[in-house]
Structure formats: structure tokens, C-alpha cells
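Q: Need coordinates for the below:
(2 chains)
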There are 2 protein chains.
Amino acid sequence: MGNLEEYLDLVGADTITAIIRQASSIYGKHMLHLNSTYLGGGVAEMLSSLLPLTNDASVDAGWRVLHGNSDFFAITKQFHNSLQGGRLRLTRAKKEIYLETNRKFSIFTHIDHDMVVVHDPQPLPMIRYYRKSQPWIWRCHIDITDPNRELWEFLKTFIIRYDVVIISSEDYRKPDLPVEQRVIHPAIDPLAPKNRPMGDQEAHHILDKFGIPTDRPILAQVSRFDRWKDPLGVLDVYRKVRRKVDCRLVLCGSMASDDPEGYSVYDEVREKSSDLLEKGDLILITYQSNRLVNAIQRAATVVIQKSVREGFGLTVTEAMWKSRPVVASAIGGIPLQIEDGTNGFTLPPRDADAFADRIVELVRNPALCETMGTRARETVRQRFLVTRLLKDYLELFADLTG
Amino acid sequence: MGNLEEYLDLVGADTITAIIRQASSIYGKHMLHLNSTYLGGGVAEMLSSLLPLTNDASVDAGWRVLHGNSDFFAITKQFHNSLQGGRLRLTRAKKEIYLETNRKFSIFTHIDHDMVVVHDPQPLPMIRYYRKSQPWIWRCHIDITDPNRELWEFLKTFIIRYDVVIISSEDYRKPDLPVEQRVIHPAIDPLAPKNRPMGDQEAHHILDKFGIPTDRPILAQVSRFDRWKDPLGVLDVYRKVRRKVDCRLVLCGSMASDDPEGYSVYDEVREKSSDLLEKGDLILITYQSNRLVNAIQRAATVVIQKSVREGFGLTVTEAMWKSRPVVASAIGGIPLQIEDGTNGFTLPPRDADAFADRIVELVRNPALCETMGTRARETVRQRFLVTRLLKDYLELFADLTG
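A: Residues are numbered from 1 along each chain as shown, chains lettered A, B, ... in the order given. Just a heads-up that it's a prediction; the model follows:
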């Protein structure tokens, strides 16, 4: 991680050379990324990979993390949920904490960069507190097809100050937004601990440590215990599958400590699956470890992603990179990655029978798993690795400041 | 908070004017503070107050927070303890994680400031990863009179690259360190939620919410559940006091989630005090709230600080600011604040009888509490408020770059 040369064998000399050429048009320029956490979550992971590589390409890129307290993050978590369609009481107090946190951070955050990229809604209002003298980009990682109206109107007052909005999918384009909108797909880092090559021996050693036997085929969903990820639906699917083939289910995910609901979802999963837990059919894991996720995804015969909302679905990308067939909901960014029936399966999110049928089909047909898995990895290699993401950002930077 | 004018009535026009004059000698210059957390702990609190005020004085000051993972923070916590005299196995793996975290952060942290202030050991090695072109200051907030030898020699290899080391007390001066050492006392913000004026009614409302009755005199220690703070010793003291006067003990502190030991100390306190808890003589609070700390310190008849190590002891400063008599150990930075018998009492940290005697004396003598408390507040007003700290930093900045 951190050096372009390390990616040469994975993506080819053409890709690396294209990055170097692109960078040469913006030497001496400095871009800034601004988000709200440096640990946990897809955005922080992406920036952890992207920022060192951008600098390695000789383009200066800085990273600032907004300082918020627990009140602020409780509010922005509500914003996040309600941008995906949840309800919200948008009180004046919430707006004030949201704005004041941004304003205070701006006081000791001096921006003299050539381009600023603001990620997600938390630091969105930052733009209001500067005398703008460079292009500002709002990078929205969320599915915003059906946001809470009142919140959207409020956030729009900041968004319209931006030069460009980046979205993860064409489907998220907002006709009511008079700002240029570009699509950039997210990406994973094939050399990060969560994705780097891992031999069978190492993987087994890790699985063993966490009490995950590999004597039966494994189905796995790696996702927070959160209603958007529908872990209860996955249990239903598993019960249907289990009637036809012998296999085990692993649900691995954190409890979203910033989200009180996370605990209640986890508790509900436990309650409704005590029989499965007793028989050793289900294994629940809340320990957070990138290496463990890496091992689970590699050990799985089939990976499931039964989300009802998904901005892009980087856990799908991760599993595909490990040559796994993924059976997933046809929502959000997932159909951008999975071409149904070719490199995985996409299905209506609520159709537990369809999920079960596809999974059974795969478990019974190792050759199909292999074919789909190989295609899945190639899809990711060509379109969803961090080197492609780097090139997109350099192009954007050259485009807006060149 | 954040505007110099708000401090005018508290510290006087002379102090504010002196700050403005000092700032005028360094207009256009830009300093950078670098630490490892923006929430929790005295350093983060101080920077949260200092940085906006520095910018309000028209001197640019930025703030970067080092991105570390849990391994890194486990190691630097060990470093912290062993700089205060604890044991340490300084393995090659620990050194590597420590250095790599710093190196990686340096890649996307571009420093072109006129002065850099690095706080505490976590980001100390950052200096190695830059071509130095400005003064670098290491601000050490820890008591380093008796550090682990091996660790100190290792850290010295970085410290000697700095231009100036700032320590909290003359006692911490290291003769073996060939770097200029200056003393700057820490400070509190009288307008922060933890210290701002709070009426009796508001205080009682908060205490009530947390189940703290005020029908008997309150003794309080506000400190992490950590051996350095000796909460078990405070229990002993309380038992001795309780034989002579009727009062209640409140121990309020977080469990130091970055420190597994924190939980065991808390459990031990609970075990050894079940009789007191049952009778309502002791109230243990682990909820973290600045307003609650504010209310407890104001409600206490006597504040205790029975630490065995204390870099400076900002909790003592906070209580003194609220006109409380503090009975504290004569260690670390505490004697800089308390002149024994005048504005509080200082005692040998292990002498529970002496602690008990002084507390009984105070509880029985409200007039003495009042006199000492008034002097305590005046001590803090003159020497330990953030405006004085700001002036010290501006002087240092002018001195090194003027």
C-alpha cells in the first residue's frame, strides 16, 4: 500500500503509466479531502488508500477530519438515514449543532488548496465558512434517490455552492440540483489488510481462532447489524437453503456503536436464531478485524448481500475480488458490479425464495461458483480498484484546475 | 469561547491588550499544533480552547490529529505509563508500529507552517519525516522525572531534533537533554462547558438527574479510574473522615477505554466499597459529561486529588476555579497551584491520615473553606487561564520566528 509500483502486477503497466501521465499535468498543485472519521467505514478506508497513492503520484493531497462530538454524530447519523428515506424531525437545535460544529472546525482549518473534496453530509456546510477561491467538490457516497424532502432542501442550500457533485451511480443523478453531477465509482485497495492475498493456511488459522469451522460450506454476509442490511432476512434465506443443502451461515459485522439501533438489531438476530446458534449452524461475529473479514470472504462458498439500501456496496466488491460468487439485492450500486447470471446474481431484495434458490444452485455446482468467481474478480480488477479511483480524481483535478 | 472579548471581564483589559500587542509582531505567520486526539483528555480540551482564540488574535494556527489504530494507541498508552515510571517491554514490533503510524500520517500531512508544536509522545517521531524548515517544539504534558530508561533513550533520538522542549514544571527539567527546555504551565478555559458559570439551580438539576443528593456535605474526586489517581486510597480517606463528620463521597471519572486496566480498577473500587454504596455514602459515576463535572465540583464542600502521579493536575485547577478548597497530593504540578495552607492543602500522597485530618478540618470550618476557595480562584485567575497560555504561545512564536 502507498506505492504505485506495488500495483503494477495487478493492474498492468498501462494503468500505472496513465496515472503518471495524468499527474504530470497538475504538478505542484495541492488538493484537500475533508471527511468526518479516519477509522471505520468505507469512506475512511478509501481515503486511507487513496491519499498515500495520490502523494506517491507526486500530486499533493491532504486530509482533514472534522472534529465533532457525540451530539453532532448522532444528528448526522439521523441525516444519513433520512437521506436514504428514513424519517427525521429536523429541529432548529439539530441544524444549529450541525452548523456550529462545521463553523468551529473552519476556524483552525486553513484552506489554501487548489481543490477541495468534501465527503458526505457531515462536513458539507464547511464551504459556507470560507471565501471560496478554488473548486469545491461534494462527494456523496450515499444513495440519495429518495431523500427526506425537508432535509434535502436544507442540504441543497449548501450543495449549490459547490462546483461539482460526485455520485456513485447514474441512478443517483438529481434533476432538481442545478450543479454539475459526475459519476465516480468507489473502489477497494487490493493490498489493504482486508483484501490482500492470503493463503489457505493463514485463512484457516484466523478462522480457527474465531471458532469458525470449515467442515461444511460457508454462506457469509459481512455487514453492520443494521436494518438496511436486513440480517433477519438473511436468516430466513438460510433456513430455506438449509432444508436443501448442508451449510453454515456466518454473519460478521460491527454493531455500529454510533447507532443505538445497532444493538437492538443484533439482539433481535440472536433471539430469532437461538436454535441455529445452538446447533452451530449460525456463527455471529461482532469483533472488528480486517484480516478476519478477508479470511471469511475467502472461506465462503457463497457471499450474500441482502441489503435494502446500499450506496455502492463495497462489501460486494471485496467478495468479488476474492473470486467469490455473490448473491445480492439488485439495489443501489450493486447492479453496477454484478451482471446478473454472469459474475454473480442480483435479485429483488425482499424475495427470500429467489435468494435461497440461487444459493442452493451455487452450493450444488462448484464449477458455476468457480466461473462466476473468476469473472467477478476480473470485473473488480478492471473497474473497481483504487488505481482507477486515483486516475478519476487526477482527471477531475486536471479538468477543474488545468 | 473563541472570542477574546468574552474573557475581558474575567482577566481584565490589560491581559487582552497584551495578547493583541504580542500578536501584532507575528501577523501573517502560521503555526501548527499536532496531537493524537480531538476528544477526551486534557490536551484535546486545551487545544479546543487555545486554537480558536489564537486565530481570533489574528495569528493563524492549525490543528492536525494523528491517525492511529488501536494497536498504535495501546503502545503509546504503555509509553505514557512507562514515562511516568511504569515497566515496559520495548520490542522491535512496538517501535515499528509507532514509527510506521507516524510515517504514514506524514505522507498526506503537508507542513509549510512557520512553527510546529507537537504534543506528547504519540506524534513525537513526525519530525523525522520532514525536511525541517521551521522551528519544531515538543510539548510534553507528562511528568518525566523518572522515566523508563530504555524508552527515554529511544524517544531522545527524536527529541534532540526539536528546537525547544516545553515542560509543565521546573521539576521536569532533564539535565541529560541537550535541548532548550522552557516551562509553560497548562491552563483551563473559564468559558468551556466544564468551567463556565453555573447557577445553583442548574447545578442541582444536573446533580438530581444523576442521583446525587445534596443533603450532606459532598467530598469529590474527579479523575479516571486509574491507579495513578489512587481511587482506593480515596476510599480509605473517606472511611476515616466518615468516623468524624457526616458526608458523602462522589467519585466521578471515565474508565479510560483505551486502557484495559481501567475496568479492573473500577471493579476493585466497587468491590471494596459495597457497604458504602449500599448506604448511599458513596456515589460512583462513569458517565462522561462536562456539565456534570462542573456541577459536582461546584457542589463539593471539599475536592480531593489523591494522585500518585500528575503531569500538572488540571482537575485541581478546575476545582480551584470554582472556589473550592482542594486537598491534594504534593506531587507533579499540584504544588505549582496549591500553596499549602493558603489556597488549599497539599500532603504526602500516601498519608491517608493527613488527608482525612485536613478534610475533617475543612468540613467543620465553612469559613476556612470560603477563604481558601476565594484564594484558589484568584490563583487560577492570575496564572492558569487559557488567555495566559495563549500569550505564552504567542511569545514563544515571536521569539522563535521574529
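Q: count of neighbours near A:Glu339?
A: Applying other C-beta atoms under 10 Å in any protein chain shown, we find 14 residues neighbouring A:Glu339. Every residue, glycine included, has its C-beta placed from N, CA and C.
Q: now swap in A:Leu284 and tell me
A: 17.
Q: For it, pull up the helix or strand it's in.
A: Using DSSP states H and E, A:Leu284 falls within strand A:282-285.
Q: Using PDB, list the CA coordinates for that strand.
A: Output of strand A:282-285 as PDB, limited to C-alpha atoms (Å, rounded to 0.1, in the frame of the first residue of the first chain):
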ATOM      1  CA  LEU A 282     -25.000 -19.900  12.600                       C
ATOM      2  CA  ILE A 283     -22.000 -18.000  13.700                       C
ATOM      3  CA  LEU A 284     -22.400 -14.400  14.800                       C
ATOM      4  CA  ILE A 285     -19.300 -12.200  14.900                       C
END
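Q: In the helix or strand following it, which residues are buried?
A: As assigned by DSSP H and E, the chain's next helix or strand after strand A:282-285 is helix A:290-299. Neighbour counts over helix A:290-299 (16 or more other C-beta atoms under 10 Å in any protein chain shown) mark A:292-299 as buried.
Q: what does stretch A:390-402 give?
A: A:390-398, A:400-401.
Q: Mind checking the pLDDT average for that stretch?
A: Mean pLDDT, stretch A:390-402: 95.
Q: For it, which outside residues touch it?
A: Applying C-beta atoms under 8 Å, 6 or more residues apart in numbering or on different chains, the external contacts of stretch A:390-402 come out as A:15, A:18-19, A:22-23, A:25-26, A:29, A:31, A:50, A:53-54, A:57, A:59, A:114-115, A:117, A:134-135, A:137, A:163-164, A:166, A:182, A:184.
Q: let's see 6 Å
A: Stretch A:390-402 is contacted from outside by A:19, A:22-23, A:25-26, A:29, A:31, A:53, A:114-115, A:135, A:184, using C-beta atoms under 6 Å, 6 or more residues apart in numbering or on different chains.
Q: Kindly provide the distance from the nearest residue to A:Leu347 once chain neighbours are set aside to B:Ile111.
A: Nearest in space to A:Leu347, with sequence neighbours left out and distances taken as C-beta to C-beta, 6 or more residues apart in numbering or on different chains, is A:Ala354 at 4.6 Å. Remark: distance between A:Ala354 and B:Ile111 (C-beta to C-beta, to the nearest Å) = 55 Å.
Q: ok, now A:Pro186?
A: 30 Å.
Q: May I have the phi/psi pair for A:Ser289?
A: Backbone geometry at A:Ser289, expressed as degrees, to the nearest 10, gives phi -150, psi 120.
Q: Measure how buried it is and give me the count.
A: 16.
Q: try A:Leu368
A: 13.
Q: and it, what does it touch?
A: With C-beta under 6 Å, 6+ apart, A:Leu368 has no contacts at all.
Q: and if we set it to 8 Å?
A: So A:Leu368 contacts A:325, A:361-362 (C-beta under 8 Å, 6+ apart).
Q: Scan these and report the most crowded one.
A: In terms of neighbour count, A:Pro325 stands highest of the contacts of A:Leu368 at 29 neighbours, by other C-beta under 10 Å.
Q: surely it meets A:Gly373?
A: Yes: using C-beta atoms under 8 Å, A:Pro325 is in contact with A:Gly373, at 5.4 Å.
Q: quick one: which of the buried residues of helix A:290-299 is nearest A:Ser273?
A: A:Ile296 (17.7 Å; C-beta to C-beta).
Q: What pLDDT does the model give the residue of the stretch 151-300 of chain A found nearest chain B?
A: Nearest to chain B in the stretch 151-300 of chain A, going by C-beta to the nearest C-beta, is A:Gln288, at a distance of 9.1 Å. A:Gln288 carries a pLDDT value of 85.
Q: Excluding residues flanking it in the chain, which one is nearest A:Gly62?
A: Nearest to A:Gly62 is A:Leu32, by C-beta to C-beta, 6+ apart, at 4.7 Å.
Q: Neighbouring strands of the strand or helix carrying that neighbour in the sheet, and parallel or not?
A: Counting by DSSP H and E, the element that carries A:Leu32 is strand A:30-35. Strand A:30-35 has its sheet partners listed here by DSSP bridges as strand A:60-65 (parallel), strand A:115-119 (parallel).
Q: what's the spacing between it and its chain's center?
A: 19 Å (C-alpha atoms, centre = their mean, to the nearest Å).
Q: what's the distance between A:Leu39 and chain B?
A: From A:Leu39 over to chain B the distance is 7 Å, taken as C-beta to the nearest C-beta, to the nearest Å.
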